[in-house]
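Novice: With the input below, show me the fold.
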Amino acid sequence: MSEITMDTESHYGAGHRLETARTEEGVMPFFDVTLIERVVTADEVTFRVAAASAEAAARLVLAAVPDDTEPNGVRRVRLPDGQEGGLEPEEVTHGEITARVSFAGVDECCGEFGPSSFYDPGIVEARALRRVLERAILDTTYPEGHAVSQRLLLWLREQGA
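Specialist: Residues are numbered from 1 along each chain as shown. Purely as a prediction, here's the structure:
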């Protein structure tokens, strides 16, 4: 095994020493690949609320969800109007395995691969996507694209992009 210095300034800072291997295809860097398994459990409770819009109704209920669960594992939700319900997720509704990859010995992730319900574009890509969506919203030629762009833009704003 040899070591060479590769210029990775654009993504990982200049001058990292990367471990490489000489193969039939040429010299290739080693990568650290971390497998991530996520299992989503779910439960649901429904509340009936009066609000000015669907989003306002959702925000009213979401604001009532506590950060912590009770000792028995139930997340007790109490709305200002007295409605009450509990969440105790037990049913597995989704599972996935993805791979997070970085150059060997370099902590910064250079990609996550595999199908995932947990889309996290990162702040740089999220801001770029936000700019594209803001322009797409101005084009009302395609109503379905307009509506989807509005929902994605709201999600990005909620993520802090």
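Novice: C-alpha only now, for contacts and for neighbours.
Specialist: Fine.
Novice: so where's this structure shaky on pLDDT?
Specialist: Where the chain drops to pLDDT under 70, the residues are 1-17, 119, 159-161.
Novice: can you give me the helices for it?
Specialist: Secondary structure of the chain by DSSP state H: the helices cover 9-12, 54-63, 123-138, 143-158.
Novice: which one of those lies closest to Arg75?
Specialist: With Cα to Cα as the measure, helix 54-63 is the member of the helices of the chain nearest Arg75 (12.3 Å).
Novice: hmm, who's touching the closest one?
Specialist: Contact partners of helix 54-63, identified using Cα atoms under 8 Å, 6 or more residues apart in numbering, comprise Phe47, Val49, Ala50, Ala51, Leu79.
Novice: Check those and tell me the two furthest apart.
Specialist: Ala51 and Leu79 (13.1 Å).
Novice: For the protein, list the residue farthest from the centre, please.
Specialist: Glu24 (37.3 Å; Cα atoms, centre = their mean).
Novice: Look up phi and psi at that one.
Specialist: Dihedral pair for Glu24: phi -60, psi -30, per degrees, to the nearest 10.
Novice: Can you give the domain ranges for this structure?
Specialist: Following automatic domain parsing, one finds the domains of the chain at 1-38+96-118, 44-88, 119-161.
Novice: want to try JSON lines for the helices of the chain, with mean neighbour count and distance to Thr93 as columns?
Specialist: Output for the helices of the chain, formatted as JSON lines (neighbours: other Cα atoms under 10 Å; distance: least, Cα to Cα, whole Å):
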{"stretch": "helix 9-12", "mean neighbour count": "11", "distance to Thr93": "36"}
{"stretch": "helix 54-63", "mean neighbour count": "13", "distance to Thr93": "21"}
{"stretch": "helix 123-138", "mean neighbour count": "15", "distance to Thr93": "27"}
{"stretch": "helix 143-158", "mean neighbour count": "15", "distance to Thr93": "22"}
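Novice: Which one of the ones you listed lies nearest to Phe103?
Specialist: Smallest distance to Phe103 across the helices of the chain (Cα to Cα): 9.1 Å, for helix 9-12.
Novice: out of Ala51 and Leu79, which sits in the busier spot?
Specialist: Using other Cα atoms under 10 Å, the more surrounded residue of Ala51 and Leu79 is Leu79, with 16 against 12.
Novice: pretty sure the more buried one contacts Ala64?
Specialist: Yes. Using Cα atoms under 8 Å, Leu79 is in contact with Ala64, at 5.7 Å.
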